[in-house]
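Chemist: Provide a 3D model corresponding to the input given below.
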Amino acid sequence: MPRRRSGTKHYVMISVVAERYDVHPQTLRMYEREGLLTPVRSSGNTRLYDEDTIKRLETILFLTRELGVNLAGVEVILNLRHQMNEMQAEVDRLLQAVREQMRDQRATVRREHALVRLGGDAQQPGRGSPQG
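Modeler: This is a model prediction of the structure:
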């Protein structure tokens, strides 16, 4: 299902993208058919390219023009790159959870091993404590 235009992003029409990157519009349409690009659509069904789609196109063009990768290879590379980004995000989430858990454990250890107890469980002098 094609995405629809939303928000305040900057969009560029297919003809502008084709001219800027010296690519025939049919090539861009083929990339879309192959699932390599997913431009958003205007209410009139015009293909519009946002910054993320243009960056993805730049990657595709680098792989095909500079490295000689065919479209099947481009698809594999883009999928692997996407998976790596997802795994990195998961590692970042896990690392953050570990940091939070370690911070909580350090705080607990400091409270339990403090020379003077802090909080509601400390006895007040003169109210049943040996000093009072």
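Chemist: tell me where this structure has strands.
Modeler: 12-13, 40-41, 47-49 (DSSP state E).
Chemist: if you count contacts, what does the second one end up packed against?
Modeler: If I follow you right, that is strand 40-41. strand 47-49 (3 or more C-beta pairs under 8 Å, 6 or more residues apart in numbering; DSSP states H and E). Any C-beta I mention is one placed from the backbone N, CA and C, and that applies to glycine too.
Chemist: relative to residue 26, which of the strands of the chain is closest?
Modeler: Using C-beta to C-beta as the measure, strand 47-49 is the one of the strands of the chain that comes nearest residue 26, at 12.0 Å.
Chemist: make CSV out of the strands of the chain and add mean neighbour count, distance to residue 22 and mean pLDDT.
Modeler: Shown next, in CSV, are those (neighbours: other C-beta atoms under 10 Å; distance: least, C-beta to C-beta, whole Å; pLDDT from 0 to 100):
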stretch, mean neighbour count, distance to residue 22, mean pLDDT
strand 12-13, 16, 15, 96
strand 40-41, 16, 23, 94
strand 47-49, 22, 15, 96
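Chemist: now the ones you listed in a markdown table, with distance to residue 92?
Modeler: Conversion of the strands of the chain to a markdown table gives the following (distance: least, C-beta to C-beta, whole Å):
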| stretch | distance to residue 92 |
| --- | --- |
| strand 12-13 | 31 |
| strand 40-41 | 28 |
| strand 47-49 | 29 |
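Chemist: which one of the ones you listed lies closest to residue 97?
Modeler: strand 40-41 (34.5 Å).
Chemist: centre of the chain to that closest one, how far?
Modeler: Centroid displacement of strand 40-41 relative to its chain, using C-alpha atoms, centre = their mean, to the nearest Å, is 21 Å.
Chemist: for the remainder of this discussion, apply numbering that starts at 303.
Modeler: Okay, using 303 as the starting number, the last item reads as strand 342-343.
Chemist: so how many other residues sit close to residue 336?
Modeler: 13 (other C-beta atoms under 10 Å).
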